[in-house]
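Asks: below are the sequence and a predicted model for it; my questions follow.
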Amino acid sequence: MRLDKLNLSEKGGRLTVTAELLCESESADSVKARAVFSCENHNRRLPLLTESVSGDVTRVKLCYTYLLDKVFYNFKAKNTRLEILVSFENGELPLSLENAEISLCRGVSVSENALVISQSLMNKKSHIRLDELKNREILKYVIRRPFVAVFGMYFKFYCVFHPVVQNRITIMSGRRKSLGGNSEFVYNILKNNPKNEIEFLFFEQKTGFSALKNLKSFVRLYATSRVVIVDDFFRMLNLVNKREGVKLIQLWHACGAFKTFGFTRLGKIGGPLQISKSHRMYDYTFVSSKEVARHYAEGFGINDFNVIPSGVARCDVFFDDEYKKSVRERLYSEKPGLKNKKLILFAPTFRGNGQQSAYYPIDKLNINAMMNALGEDYALIVKLHPFCKERIKTDETLKNRVFDFSDRDELNDLLFITDILVTDYSSVVFEASLLDIPMLFYAFDLEEYIASRDFYYDYKSFVPGKIVKSEQELLSSIKNSDFEREKVERFKNKFFDNTDGGSSQRAADLINSLSEV
């Protein structure tokens with residue numbers, strides 16, 4: 001793959017980068033390119049979107065328009081230069097500018113393989129145009145602005161009269177009613193430090209972000225805590241600017257990097273606007289390996305050095321034999337029908353653009369027919385994504401062999417009794433690889449999913465198991481133990497740098513150091 005043409009044009013602080021690549025035909029459809037902006041000790045990865053694939057499927061045109069003054073979050077460079085490196089997903093290799101046809105606008109020059117943006121161009125004020133926004137985005141960008149402005153002023157006023165409490169650590173979640181996941185594992189270590197004053201803000205209702213009592217609690221805690229911990233997108237963070245002296249930690253709920261999220265989805269349905277604050281205020285986030293660190297930096301819109309590949313806290317249980325034993329005993333005690341069976345865990349992800357529109361097409365898998373065909377030796381647990389409202393209905397004759405656990409138990413715990421994992425695009429594949437579980441990928445809508453959501457890697461070569469696209473293929477693979485299991489070990493080694501059960505401790509050590517006076 002090489003760069004053939006590169007064109008940069010600028011108008012009103014909006015820099016349009018257009019690149020044309022020449023590549024092998026088999027790799028053309030999976031080109032993933034990005035522009036890497038660097039200035040002083042800050043950097044930002046932003047995607048270049050595929051605009052067309054033409055000719056004999058060897059020429060790929062990529063294009064995106066960037067708002068230069070919005071590239072970095074709360075950082076204005078002075079007397080320095082901004083560099084842009086165009087790279088593509090093949091070991092993060094830069095595209096050589098040599099032998100390429102290059103057209104540059106005023107204020108841009110070439111230095112080795114980087115493009116250099118002048119200070120005057122960087123400082124130009126840019127704006128989102130209303131004609132570029134969809135109805136949903138206009139509602140967010142225009143109609144809500146007065147409320148956001150008033151709330152922001154109230155937050156600033158509160159900060160004037162309430163100092164940061166140096167030893168206060170607050171854990172927040174808008175997806176749980178109580179502690180769970182990564183936050184719980186880190187909390188269990190933080191609570192052993194007598195100096196820590198730990199507070200909580202939990203809710204899981206969709207309207208919880210607008211509830212007055214939650215808004216008041218958020219202001220008090222976000223304004224006065226030395227360290228604030230979240231485990232997912234937390235909408236209230238977008239309403240205010242984080243005050244100086246407060247550190248924000250993201251203990252993201254997923255492992256690895258599978259389907260694209262956050263700012264990697266710029267320009268796509270359900271993706272954010274480039275001016276969005278979402279995620280960009282994090283001081284640190286923890287990930288499973290160096291391999292995925294750059295994807296989280298891109299998705300969150302943060303610096304590379306804010307992403308720490310020290311491991312995912314909730315994965316520590318995979319190295320705790322006593323914990324695994326206790327979970328198995330509890331589950332078998334609660335559901336005796338699971339014992340002495342070949343247990344299939346069906347754990348697909350959702351379709352749709354997010355929590356509000358999430359669903360799973362349960363008619364795509366006839367569970368009654370599949371389980372009757374497999375026979376008495378098999379049992380099935382269904383674990384739909386928490387966003388999905390659908391629930392399965394099975395024959396009465398299968399009540400001791402089919403169980404819907406969508407509303408209960410951590411997904412990780414279910415892996416300890418799983419013999420076969422059936423999923424599609426869920427990040428559960430990372431945790432399953434730690435237990436060497438054979439996997440099948442029921443990807444009946446793969447092409448549609450790639451077009452709407454896409455992945456950080458080429459799906460067909462990425463997944464650690466066999467891909468099936470029909471119920472017949474799925475049933476046949478289970479019966480014949482045809483899982484392509486040899487892919488699991490290589491996958492695990494690529495996406496986990498630490499397999500010592502110490503990820504929670506490493507995260508807690510950093511958080512404790514941030515809260516020390």
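Replies: Right, received. Where do you want to start? Numbering: from 1, shown residues only.
Asks: residues in contact with the helix or strand hosting Leu8: which ones?
Replies: Taking DSSP states H and E as the definition, Leu8 sits inside strand 2-11. By Cβ atoms under 8 Å, 6 or more residues apart in numbering, the residues outside strand 2-11 that reach it are 15-23, 59, 68, 86, 95-97, 99-108, 115, 121. Where C-beta positions appear, they are placed from N, C-alpha and C, glycine not excepted.
Asks: beyond the longest strand seen in the chain, next helix or strand please.
Replies: Secondary structure of the chain per DSSP state E: the longest strand is strand 42-54. Sequence-wise, the next helix or strand downstream of strand 42-54 (DSSP H and E) is strand 59-67.
Asks: can you give me the mean pLDDT across that following strand?
Replies: For strand 59-67, the mean pLDDT works out to 89.
Asks: what angle separates that strand from strand 2-11?
Replies: Angle, strand 59-67 to strand 2-11, by axes from the mean of the first three to the mean of the last three Cα atoms, to 10 degrees: 30 degrees.
Asks: any weak-confidence spans in the stretch 1-150 of the chain?
Replies: Scanning the stretch 1-150 of the chain with the threshold set as pLDDT under 70 gives 25-30, 55-57, 77, 79, 89-93, 130-142.
Asks: which residues of it fall in helices?
Replies: Per DSSP state H, counting those that start in this stretch, the stretch 1-150 of the chain carries helices over the ranges 25-28, 119-122, 135-138, 145-161.
Asks: and the second one, how far from the chain's centre?
Replies: Spelled out, that is helix 119-122. Centroid separation for helix 119-122 versus its chain: 32 Å, with Cα atoms, centre = their mean, to the nearest Å.
Asks: just the longest one next, same as before
Replies: If you compare the mean C-alpha spot of helix 145-161 with that of the full chain, they lie 29 Å apart, counting by Cα atoms, centre = their mean.
Asks: other SSEs contacting it?
Replies: Helix 145-161 is packed against helix 212-224, with contacts defined by 3 or more Cβ pairs under 8 Å, 6 or more residues apart in numbering; DSSP states H and E.
Asks: pLDDT below threshold where in the stretch 401-517 of the chain?
Replies: Checking the stretch 401-517 of the chain against pLDDT under 70 turns up 409, 517.
Asks: contacts only, for Ile198.
Replies: For Ile198, the contacting residues are 168-171, 187, 190-191, by Cβ under 8 Å, 6+ apart.
Asks: thinking again about what came up before, the longest strand of the chain pairs with which strands, and in what direction?
Replies: Here strand 42-54 has these sheet partners by DSSP bridges: strand 33-39 (antiparallel), strand 59-67 (antiparallel).
Asks: wait, which of the ones you listed is closest to Leu434?
Replies: Minimum separation from Leu434 across the strands paired with strand 42-54 (Cβ to Cβ) falls at strand 33-39, 29.1 Å.
Asks: how far off centre is that closest one?
Replies: How far strand 33-39 lies from its chain's middle: 19 Å, per Cα atoms, centre = their mean.
Asks: list the contacts of that strand.
Replies: By Cβ under 8 Å, 6+ apart, strand 33-39 touches 17, 19, 21, 43-48, 62, 64, 66, 71-72, 75, 77, 80-89, 95, 114, 122, 298.
Asks: point out the most buried one among the helices of the stretch 1-150 of the chain.
Replies: Most buried of the helices of the stretch 1-150 of the chain by mean neighbour count (mean count of other Cβ atoms under 10 Å) is helix 119-122; its value is a mean of 15.
Asks: need the strands paired with strand 42-54 in a markdown table (columns: mean neighbour count and distance to Ile308).
Replies: Converted to a markdown table, the strands paired with strand 42-54 look like this (neighbours: other Cβ atoms under 10 Å; distance: least, Cβ to Cβ, whole Å):
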| stretch | mean neighbour count | distance to Ile308 |
| --- | --- | --- |
| strand 33-39 | 20 | 19 |
| strand 59-67 | 19 | 27 |
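Asks: format those as a markdown table; extra columns: distance to Asp377.
Replies: What follows is the strands paired with strand 42-54, written out as a markdown table (distance: least, Cβ to Cβ, whole Å):
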| stretch | distance to Asp377 |
| --- | --- |
| strand 33-39 | 48 |
| strand 59-67 | 49 |
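Asks: out of the ones you listed, which comes closest to Tyr456?
Replies: Among the strands paired with strand 42-54, the nearest to Tyr456 by Cβ to Cβ is strand 33-39 (10.9 Å).
Asks: ChimeraX command to pick out the buried ones of the contacts of strand 2-11?
Replies: In ChimeraX, this line selects whichever of those come out buried by 16 or more other Cβ atoms under 10 Å:
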select :15,17,18,19,20,21,23,59,68,86,95,97,100,107,108,115,121
